[in-house]
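Asker: next come a sequence and a model predicted from it.
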Amino acid sequence: MKLGLQLGYWGAGMPPNAAEMVVAADEAGYDAVFTAESWGSDVFTPLAWWGSATRHVRLGTAVAQLSARTPTAAAMAALTLDHLSGGRAILGLGVSGPQVVEGWYGAPFGKPLARTREYVDIVRKVLAREAPVTSAGPHYPLPYTGQGADGLGKPLRPITHPLRAELPIWLGAEGPKNVALAAEIADGWLAVYYSEKLAEQYNSWLDEGFRRPGARRSRADFEVAANVSITVTDDAAAAYDRHRPVIALYAGGMGAEQKNFHADLFRRMGYGEVVDEVTALFRAGRKAEAAAAVPDELVAETAMIGTAEQVRAQVKQWGDRGVTMLMVGGQDAAQVRSVASVLAEN
C-alpha cells in the first residue's frame with residue numbers, strides 16, 4: 001500500500017506546518033504529496049514551492065478544478081511542474097460542483113462527463129506534442145471561432161517539449177458514471193470518501209470503464225488513491241468527535257443543497273436520513289448540532305481510527321478491495337512520520 005500526503009486547500013491562511021510535513025513525507029518513504037484548491041489558494045503554486053525541497057515523492061494535484069483553467073493552461077502547468085521535479089508530477093483533475101463553477105468561475109456546470117472527456121483529450125494532445133493542438137469542441141474548441149473571434153486563431157504546439165508524454169492523469173470522481181470514466185480515460189482514480197462497504201460497487205463501476213473500447217489501462221496498472229484520515233489512538237471516541245464537524249460540512253454544507261455530490265455519496269452508503277438531518281441543521285446555522293448528528297458508524301467507515309493493530313487491519317481490507325494508495329492528512333511532521341511507521345509493519 002502506497003502512502004500519499006494530502007495537504008488539501010488553505011483556509012483563511014497558509015497552513016503553518018505544511019513545508020515540514022512535505023519534507024517529512026519525502027524522508028519517510030511516502031509515494032506522493034498532493035494539494036487541492038477550492039476558491040482560495042490555487043493547487044499548483046504550493047505544490048511547486050514546497051515540492052522544491054523534496055527529491056523522491058511524486059507531486060500531485062488532488063484536484064485541479066477543470067473550470068479554473070483551460071485544458072491547455074492545465075497542461076502547461078503540469079508539464080512545467082514535471083520538468084521542475086524531474087518527472088514526478090501527477091495531474092489530478094475534477095469538475096468541482098455547480099456552486100463553485102458557476103458562482104466562482106462564472107462558467108456553466110452542465111455536461112461534466114463530456115467536458116471531462118474533452119478536457120483530458122486536449123491535455124494529452126499537448127503532452128504528446130505530435131501535432132498542433134486542435135479540438136472540435138463543443139466545450140473547448142481550438143482554435144476558437146465562436147462569437148467575438150477575430151478569425152486569426154492558429155493551431156499551436158507547446159513551445160516547451162514535455163518531459164513525459166505519458167504524465168499520469170488521475171480523475172477525482174464520486175458517482176458511477178464519473179468513476180467509470182476515470183477507469184476508461186485516466187491513469188488513476190482519486191476517491192474523496194472511500195468506504196469498504198461500497199467497495200464491490202466501486203469495483204463494478206471501475207470494471208465497466210476498463211471494459212470500454214480503447215480504455216487506457218486495466219486493473220493491473222491503474223491506481224486507486226483513497227482519501228482517509230488515520231488516527232492511531234486508544235481513545236477512539238475523542239477522535240470520532242474531531243471528525244464529525246468535517247463530515248457535517250461535506251454532507252450538509254458543501255455545494256448547493258439541491259446538488260451535493262458528497263451528500264449523494266453518503267446516501268449510497270445508507271445514511272440518507274442522517275444526511276437529511278445534518279443538512280437541515282447545517283443550513284439553519286446549527287453547525288454544532290449538525291456535527292453531533294453524525295453517527296460513529298459513518299466516521300468509522302470513512303476514517304481509520306483505533307490501535308495500531310486495528311488500523312493495519314483496516315488498511316489490509318482496503319488493499320484487498322483494490323485501493324493502491326492511502327491519501328492521508330496530517331497536523332505536523334511527527335504525525336506524518338508516525339503514520340508511515342505504523343503502516344510499515346503491514
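Answerer: Received, thanks.
Asker: isn't Arg216 right up against Asp187?
Answerer: Yes. With contact defined as C-beta atoms under 8 Å, Arg216 reaches Asp187; the gap is 6.7 Å. Every residue, glycine included, has its C-beta placed from N, CA and C.
Asker: gap between the nearest residue to Ala128 once chain neighbours are set aside and Asp31?
Answerer: Nearest residue to Ala128, sequence neighbours excluded (C-beta to C-beta, 6 or more residues apart in numbering): Ala165, at 4.9 Å. Ala165 sits 22 Å away from Asp31, going by C-beta to C-beta, to the nearest Å.
Asker: just want to know which of the two has more residues nearby.
Answerer: Set Ala165 next to Asp31 and count neighbours by other C-beta atoms under 10 Å: Asp31 wins out with 21 against 13.
Asker: please name the nearest non-neighbouring residue to the more buried one.
Answerer: Spatial nearest neighbour of Asp31, excluding adjacent residues (C-beta to C-beta, 6+ apart): Lys2 at 3.9 Å.
Asker: can you pull out the helices in the stretch 101-250 of the chain?
Answerer: 112-128, 176-185, 199-211, 236-248 (DSSP state H, counting those that start in this stretch).
Asker: reformat those as JSON lines; add distance to Ala75 and mean neighbour count.
Answerer: Shown next, in JSON lines, are the helices of the stretch 101-250 of the chain (distance: least, C-beta to C-beta, whole Å; neighbours: other C-beta atoms under 10 Å):
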{"stretch": "helix 112-128", "distance to Ala75": "4", "mean neighbour count": "19"}
{"stretch": "helix 176-185", "distance to Ala75": "15", "mean neighbour count": "21"}
{"stretch": "helix 199-211", "distance to Ala75": "22", "mean neighbour count": "17"}
{"stretch": "helix 236-248", "distance to Ala75": "33", "mean neighbour count": "18"}
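Asker: ok, Ala340 - contacts?
Answerer: Applying C-beta atoms under 8 Å, 6 or more residues apart in numbering to Ala340 gives the contacts Leu3, Ala25, Ala28, Gly29, Tyr30.
Asker: need the contact list for the fourth one.
Answerer: The neighbours of Gly29, taking C-beta under 8 Å, 6+ apart as the test, are Leu3, Ala340, Ala344.
Asker: export these as a markdown table, with columns for pLDDT and secondary structure.
Answerer: Converted to a markdown table, these look like this (pLDDT from 0 to 100; DSSP: H, G, I helix; E, B strand; the rest coil):
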| residue | pLDDT | secondary structure |
| --- | --- | --- |
| Leu3 | 98 | strand |
| Ala340 | 97 | helix |
| Ala344 | 90 | coil |
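Asker: longest strand of the protein?
Answerer: Looking across the chain with DSSP state E, the single longest strand is strand 223-232.
Asker: was I right about Ala128 contacting His161?
Answerer: No. Judged on C-beta under 8 Å, Ala128 makes no contact with His161 at a distance of 10.9 Å.
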